[in-house]
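Colleague: only geometry, no sequence info:
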């Protein structure tokens with residue numbers, strides 16, 4: 001390599017997250033230290049000036065896919081930088097094959113000088129031994145060091161997971177990290193209330209899609225938007241004026257996550273290699289599962305009942321918000337498939353009945369026809385008989401006295417409505433300020449039109465959500481009053497006069513209907529035994 005009269009140096013600085021913590025500052029002390037060391041080196045050189053400084057703070061040295069490094073290489077290929085200066089070889093990279101290829105092949109071919117200050121390596125003056133022996137050995141040591149650190153980190157994380165410590169970057173929706181112990185989860189009052197409502201609605205027969213629609217109508221922030229509102233650093237594709245909404249997938253993810261009963265399941269994936277930023281899913285038996293790791297948001301029985309419903313599914317009849325009372329509980333006793341609900345009209349009369357879904361779709365089996373009225377009466381009679389044969393009456397009485405029919409938390413909805421009112425007031429204020437900015441020339445007419453439309457849309461969405469909440473609060477209060485009266489009739493199973501979805505979900509696990517009109521009721525012994 002021939003020397004030049006003047007080198008345009010690019011100083012490269014890197015720090016991995018594993019090296020140290022930034023302590024909340026914009027840059028770590030180590031980055032600052034590297035910068036000063038490299039600047040001091042350049043000041044001592046008469047044939048060198050700094051073209052630019054490239055920083056990758058918080059990036060591993062095992063990969064060269066780093067924004068600062070890529071920007072530097074673009075300047076190198078453009079001929080703007082012909083000398084690269086780093087504190088030491090480990091700051092440049094810890095992957096010895098690619099590091100060696102760049103330093104020994106790419107840079108010489110581009111006539112780019114490479115200097116590692118504390119390692120005292122300068123490609124302009126390095127002899128054969130330094131290039132062929134010292135440099136590869138140091139790169140190999142850096143690579144081995146990275147592997148060793150990776151193994152230690154994995155081992156430490158494994159111990160934490162097995163001890164029930166939460167090691168995720170963000171707390172799952174419904175929880176927040178304990179300020180006194182960042183590896184422990186505590187319920188987030190508002191989000192936990194939403195989670196409880198979601199479970200209650202699903203037990204009431206609503207599908208995941210219906211629940212998502214309801215949450216969007218009420219203006220409840222989706223998990224992503226809620227995290228952003230709380231100051232979480234979420235990154236996603238840019239979408240101006242578009243707010244992420246609830247979806248059936250998000251609802252189902254909540255309904256199937258055991259974290260809400262206090263169980264942590266971690267270590268579900270593992271990195272393919274320290275040098276490859278890809279992950280593979282581990283077998284379930286290799287997951288770290290710890291029960292009672294934190295406070296539960298929903299009860300275990302409630303969670304288990306929801307899992308049963310999710311396995312069987314529930315479908316809404318046309319125009320109905322919820323599925324029928326026996327949804328997820330009623331099956332054909334011969335083929336095991338769910339029973340389908342049918343409405344027959346004949347001579348002005350309507351008849352509700354259930355038949356085998358396999359027969360309904362022409363897949364064999366037989367009708368197993370039973371009217372809804374007969375089914376209600378039979379199941380209610382079975383419940384009364386089962387209650388009579390129970391010997392532990394005191395336990396049953398204590399359970400029924402503690403039974404709660406879950407409805408929406410009115411105070412939560414009122415709080416959400418108040419938040420939306422503030423959003424509307426903020427939109428009006430921002431619209432007023434837009435006129436002032438337009439008059440002052442701070443923004444263009446085009447920007448004014450764009451932002452005004454965004455604020456108007458946001459104002460309209462908030463108004464629609466407020467109206468939906470007011471209507472829902474009214475319906476909740478009416479339903480709560482009715483449920484209070486209804487609950488008085490269900491204090492004891494023997495006194496039941498008609499079936500109720502909540503009672504069914506509490507006491508019944510499965511109902512099977514046979515062709516010979518036999519009905520088998522499998523009770524949920526957690527509730528009545």
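Modeller: Received it, and whenever you're ready, just let me know what you need. Keep in mind that this is a model prediction, so the values were computed, not measured.

Colleague: Please enumerate residues in contact with stretch 347-365?
Modeller: For stretch 347-365, contacts defined as Cβ atoms under 8 Å, 6 or more residues apart in numbering pick out 326, 330, 332, 334-335, 337-345, 366-373, 375, 513. Every residue, glycine included, has its C-beta placed from N, CA and C.

Colleague: same thing but 7 Å
Modeller: 330, 332, 334-335, 337-344, 366-372, 375, 513 (Cβ atoms under 7 Å, 6 or more residues apart in numbering).

Colleague: And stretch 83-101, by the same measure?
Modeller: Applying Cβ under 7 Å, 6+ apart, the set of residues contacting stretch 83-101 is 7-14, 34, 37-38, 41-42, 48, 61-64, 112-119, 136, 138-140, 142-143, 145-146, 275.

Colleague: So which of those belong to strands?
Modeller: The strands, defined by DSSP state E, take in 7-14, 48, 113-116 from those.

Colleague: Pull out the buried positions in the helix or strand where residue 511 lies.
Modeller: Here residue 511, judged by DSSP states H and E, is contained in strand 508-513. Residues of strand 508-513 classed as buried: 508-509, 511-513 (neighbour count, 16 or more other Cβ atoms under 10 Å).

Colleague: so which of those residues comes closest to residue 184?
Modeller: residue 509 (34.5 Å; Cβ to Cβ).

Colleague: what about residue 221, which SS state?
Modeller: coil (DSSP: H, G, I helix; E, B strand; the rest coil).

Colleague: returning to what we had before: quick one: buried ones out of the ones in strands among the contacts of stretch 83-101?
Modeller: 7-14, 48, 113-116.

Colleague: Dump these to CSV, plus pLDDT and distance to residue 416.
Modeller: Output for these, formatted as CSV (pLDDT from 0 to 100; distance: Cβ to Cβ, whole Å):
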residue, pLDDT, distance to residue 416
7, 93, 62
8, 93, 58
9, 94, 56
10, 95, 52
11, 95, 51
12, 95, 49
13, 94, 46
14, 90, 45
48, 92, 61
113, 93, 62
114, 93, 59
115, 92, 59
116, 90, 57
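
Colleague: For the residue nearest to the spatial centre of the chain, give me phi and psi.
Modeller: With distances taken as Cα atoms, centre = their mean, residue 172 lies nearest the centre of the chain, 5.9 Å away. Main-chain torsions, residue 172, degrees, to the nearest 10: phi -70, psi 150.

Colleague: cool, residue 120 as well?
Modeller: Dihedral angles (degrees, to the nearest 10) for residue 120: phi 50, psi 40.

Colleague: For burial, what's the neighbour tally of it?
Modeller: 12 (other Cβ atoms under 10 Å).

Colleague: how much space between it and residue 292?
Modeller: Remark: distance between residue 120 and residue 292 (Cβ to Cβ, to the nearest Å) = 56 Å.

Colleague: Show me where the stretch 101-250 of the chain has its strands.
Modeller: Assigned by DSSP state E, counting those that start in this stretch, the stretch 101-250 of the chain shows strands spanning 113-116, 121-122, 175-178, 181-187.

Colleague: again with the stretch 351-500 of the chain
Modeller: For the stretch 351-500 of the chain, applying DSSP E, counting those that start in this stretch gives strands covering 370-371.

Colleague: Do you have the helices of it handy? List them.
Modeller: 357-360, 372-389, 393-401, 410-440, 445-488 (DSSP state H, counting those that start in this stretch).

Colleague: rank these by mean pLDDT and give me the bottom one.
Modeller: Ranked by mean pLDDT, the helices of the stretch 351-500 of the chain bottom out at helix 393-401, which scores a mean of 48.

Colleague: Can you read off the pLDDT for residue 306?
Modeller: 86.

Colleague: I'd like to know how many residues surround the closest residue to residue 369 other than its chain neighbours.
Modeller: Sequence neighbours aside, residue 355 is the residue nearest to residue 369 in space, at 5.2 Å (criterion: Cβ to Cβ, 6 or more residues apart in numbering). Residues contacting residue 355 under the criterion other Cβ under 10 Å number 19.

Colleague: in the sheet, who's paired with residue 355?
Modeller: Beta bridges link residue 355 to residue 340, judged by DSSP bridges.

Colleague: For it, give its distance to residue 367.
Modeller: Taking Cβ to Cβ, one finds residue 355 at 5 Å from residue 367.

Colleague: okay, now the domains of the protein?
Modeller: Following automatic domain parsing, one gets these domains for the chain: 7-160, 170-314, 410-488.

Colleague: Generate JSON lines for those, with distance to residue 350 as supplementary columns.
Modeller: JSON lines is the format used below for the domains of the chain (distance: least, Cβ to Cβ, whole Å):
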{"stretch": "domain 7-160", "distance to residue 350": "60"}
{"stretch": "domain 170-314", "distance to residue 350": "21"}
{"stretch": "domain 410-488", "distance to residue 350": "24"}
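
Colleague: Between those, which one is closest to residue 379.
Modeller: Comparing those by Cβ to Cβ, domain 170-314 comes nearest, at 15.8 Å.

Colleague: quick one: the closest one to chain centroid distance?
Modeller: Relative to the chain's own centre, domain 170-314 is displaced by 5 Å; criterion: Cα atoms, centre = their mean, to the nearest Å.

Colleague: sorry, back to before: counting neighbours, which of the contacts of stretch 347-365 end up buried?
Modeller: Buried members of these, scored by 16+ other Cβ under 10 Å, are 330, 332, 334, 337-341, 368-370, 372, 375, 513.

Colleague: Between all of those, which two are separated the most?
Modeller: Farthest pair in the buried ones among the contacts of stretch 347-365, by Cβ to Cβ: 334 and 372, 20.1 Å.

Colleague: burial measure for the residue lying closest to residue 308 once chain neighbours are set aside, as a count.
Modeller: Counting by Cβ to Cβ, 6+ apart, residue 328 is the residue found nearest to residue 308 once chain neighbours are left out, at 6.6 Å. A total of 24 residues lie near residue 328 under the criterion other Cβ under 10 Å.

Colleague: Ramachandran angles for residue 328?
Modeller: Torsion angles, degrees, to the nearest 10, at residue 328: phi 80, psi 0.

Colleague: Likewise for residue 5?
Modeller: phi -70, psi -40.

Colleague: Okay, now the unreliable bits of the stretch 151-300 of the chain?
Modeller: 151-153, 232-243, 272-277 (pLDDT under 70).

Colleague: In it, mark out all the helices, start to finish.
Modeller: According to DSSP H, counting those that start in this stretch, the helices that the stretch 151-300 of the chain contains are 189-203, 208-217, 223-229, 248-255, 300-312.

Colleague: Output these as JSON lines; include the columns distance to residue 266 and mean neighbour count.
Modeller: Listed next are these as JSON lines, based on distance: least, Cβ to Cβ, whole Å; neighbours: other Cβ atoms under 10 Å:
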{"stretch": "helix 189-203", "distance to residue 266": "19", "mean neighbour count": "21"}
{"stretch": "helix 208-217", "distance to residue 266": "25", "mean neighbour count": "20"}
{"stretch": "helix 223-229", "distance to residue 266": "19", "mean neighbour count": "16"}
{"stretch": "helix 248-255", "distance to residue 266": "16", "mean neighbour count": "18"}
{"stretch": "helix 300-312", "distance to residue 266": "18", "mean neighbour count": "16"}
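
Colleague: number of nearby residues for residue 85?
Modeller: 27.

Colleague: Please identify the buried residues of stretch 462-472?
Modeller: Neighbour count says stretch 462-472 has 462-463, 465-466, 468-469, 472 buried, by 16+ other Cβ under 10 Å.

Colleague: again, but for stretch 353-360
Modeller: 353-359.

Colleague: now those residues in TSV, with distance to residue 428?
Modeller: Shown next, in TSV, are these (distance: Cβ to Cβ, whole Å):
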residue	distance to residue 428
353	55
354	54
355	57
356	58
357	53
358	58
359	60
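
Colleague: closest to residue 311 among those residues?
Modeller: Of the buried residues of stretch 353-360, the one sitting nearest to residue 311 (Cβ to Cβ) turns out to be residue 357, at 14.9 Å.
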